[in-house]
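Colleague: Provide a 3D model corresponding to the input given below.
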Amino acid sequence: MFKRLLSRALFAGALLSATGTSFAASHPAFTVKVTGSGAPVILIPGLASPGEVWAGTVQRFCATRQCHVLTLAGFAGTPPIDAPLLPTAEQQLSDYIADNKMAQPVLIGHSMGAYLALKLAADHPAQVGRVVVVDMLPALAATQMPNMTREQLEAAAAQVRDRTLQADDASFAAQQRRTAGTMVTATANVERIVGWGQKSDRKTMATSMYQMLSHDLRPDLARVTAPTLVLAGWAAHKGVLPRSAIEGMYQSQYRLLPNVQFELTDTARHFIMYDDPDWMYARIDQFLNPM
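Modeller: Residues are numbered from 1 along each chain as shown. So this is what the prediction gives:
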């Protein structure tokens, strides 16, 4: 199970409004495309994914909200940066929220983007209004050994990093395709994800995976004050793990998060926004607009 979840994690990574004003120079850890007007929402894609992954979400929610869609540096053809991506992106995103005078925006993150959203919400709780997590565990490397030490987490993360860096191009491309096939259902979406991965900087992918996997986010969750919605998919595990096992894993890893709602879909894999968008939109809508 650990290898299956870890392989998913290998994928799982500014233009202002329609005027085309660029923020790339002042925020090199990410670019941002802003659409709509109203209460701010920041959408963060996962490993190797561009902001394009949120296209349907933007169409669904940004008629009445202002959406800030990120693409992290080094992913899907964007230039990489020399600094460690995740801590740099977190600090620059905090600065971006402050510079733009956003009043507690909603953060929506997929996979590694959800890790970044929760890390920001833990380290800068006053800046974040609500968080939506799309298919991300706060301690992915600890799925089989919940009490892994820091040293064990770092060793597991280093193994993933080194395997990614050392693979020859053909082997790495084949692994990307196999992994993408477990993460989304439609062939067209598999090809889309593979294409993004092939355009991504491999060093950035490897080192950012190490940064995420080696850090146990579970203790940090106690500092998150924002209400949080966690969405997860079971479809990739059918026939391998019972639904109750996935539910138990998520509930255990998020038990320190003070104000959390958890929803599990039977029909979607890792890219819930592609496999079951209506289900995802309905849960986000209920979360953002409680009765």
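Colleague: where does Ile42 sit: helix, strand or coil?
Modeller: strand (DSSP: H, G, I helix; E, B strand; the rest coil).
Colleague: against Thr228, how distant is it?
Modeller: Shown here: Ile42 relative to Thr228, a distance of 14 Å by Cβ to Cβ, to the nearest Å. For the C-beta atoms, the positions are set from N, CA and C on the backbone; glycine is no exception.
Colleague: now Met112
Modeller: Between Met112 and Thr228 the distance is 17 Å, computed by Cβ to Cβ.
Colleague: what does the helix or strand containing Cys67 contact?
Modeller: Using DSSP states H and E, the element containing Cys67 is strand 65-72. When contacts are taken as Cβ atoms under 8 Å, 6 or more residues apart in numbering, the neighbours of strand 65-72 outside the stretch itself are 13, 29-45, 50-51, 54, 57-58, 61, 78, 85, 89, 93, 96, 105-106, 113, 208.
Colleague: C-alpha coordinates for it, PDB please?
Modeller: As requested, C-alpha coordinates have been extracted for strand 65-72 and formatted as PDB (Å, rounded to 0.1, in the frame of the first residue of the first chain):
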ATOM      1  CA  ARG A  65     -15.300  35.000  -6.400                       C
ATOM      2  CA  GLN A  66     -11.800  36.200  -7.400                       C
ATOM      3  CA  CYS A  67      -9.600  33.200  -8.200                       C
ATOM      4  CA  HIS A  68      -5.900  33.300  -7.900                       C
ATOM      5  CA  VAL A  69      -4.600  30.200  -9.700                       C
ATOM      6  CA  LEU A  70      -1.000  29.300  -9.100                       C
ATOM      7  CA  THR A  71       1.600  27.300 -11.100                       C
ATOM      8  CA  LEU A  72       4.600  26.400  -9.100                       C
END
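Colleague: picking that back up, who has more neighbours out of Met112 and Thr228?
Modeller: Taking neighbours as other Cβ atoms under 10 Å, Met112 and Thr228 compare with Met112 leading, 31 against 25.
Colleague: so what's Leu264 bridging to?
Modeller: Note on Leu264: beta-bridge partners Ala232, judged by DSSP bridges.
Colleague: ok, it touching Gly248?
Modeller: No. Leu264 is not in contact with Gly248 according to Cβ atoms under 8 Å; the separation is 10.7 Å.
Colleague: the two: who's more crowded?
Modeller: When Leu264 is set against Gly248 and neighbours are counted by other Cβ under 10 Å, the residue ahead is Leu264, at 16 against 12.
Colleague: residues contacting Met273?
Modeller: For Met273, the residues meeting the contact criterion (Cβ under 8 Å, 6+ apart) are Val53, Trp54, Gly56, Thr57, His110, Val134, Met280.
Colleague: on that earlier part again, return the distance of the strand holding Cys67 from the chain's centre.
Modeller: 13 Å (Cα atoms, centre = their mean, to the nearest Å).
Colleague: tell me the helix or strand right after it.
Modeller: Counting by DSSP H and E, the next helix or strand C-terminal to strand 65-72 is helix 85-99.
Colleague: now do the helix or strand just after that following helix: everything it contacts.
Modeller: If you walk from helix 85-99 toward the C-terminus, the next helix or strand you reach (DSSP H and E) is strand 106-110. When contacts are taken as Cβ under 8 Å, 6+ apart, the neighbours of strand 106-110 outside the stretch itself are 12, 39-46, 49, 53-54, 57, 65, 115-118, 120-121, 128-136, 226, 271-273, 284, 288.
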